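Asks: Just a sequence and a predicted model for now, questions to come.
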Amino acid sequence: MIYKTKGTCSTLIDIDVEDGIIKSVAFTGGCNGNLQGVSRLVEGMKCEDAISKLRGIRCGMKPTSCPDQLSYAIEQAMNA
């Protein structure tokens, strides 16, 4: 599933969820190294666990961040 981010340097998140487990995550744009790290950390994780860890993280003065947007992408992928 492709999720269009809002308010972040990254523009898209390509996420694959199967049986409540995050199988793969790939960001388009943003801080490449950091987002590769975040992606690898959540792969294999239960969706609910990842959402609870990522939701609400802010980037500087922005009301959101790439990890926060990932939490919304995971939620949307779970309900797809």
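Replies: Perfect, I can see it now.
Asks: and Ile22, what is it in contact with?
Replies: By C-beta atoms under 8 Å, 6 or more residues apart in numbering, the residues touching Ile22 are 15-16, 42-47, 50, 74. No exception for glycine: its C-beta is placed from N, CA and C like everyone else's.
Asks: Which of those ranks first by neighbour count?
Replies: Highest neighbour count within the contacts of Ile22: Ile74, with 27 neighbours (other C-beta atoms under 10 Å).
Asks: List the buried residues in stretch 57-74.
Replies: 59, 64-74 (16 or more other C-beta atoms under 10 Å).
Asks: what's in contact with that stretch?
Replies: With contacts defined as C-beta under 8 Å, 6+ apart, stretch 57-74 is touched by 1, 3, 5-10, 13, 15, 17, 22, 25, 27, 30-31, 34-35, 38, 42, 47, 50-51, 54-56.
Asks: quick one, strands of this structure?
Replies: 2-4, 10-18, 21-29 (DSSP state E).
Asks: Partner strands of the second one and their direction?
Replies: Applying DSSP bridges to the sheet, strand 10-18 is found paired with strand 2-4 (antiparallel), strand 21-29 (antiparallel).
Asks: just checking, which of those sits deepest inside the structure?
Replies: strand 21-29 (a mean of 17; mean count of other C-beta atoms under 10 Å).
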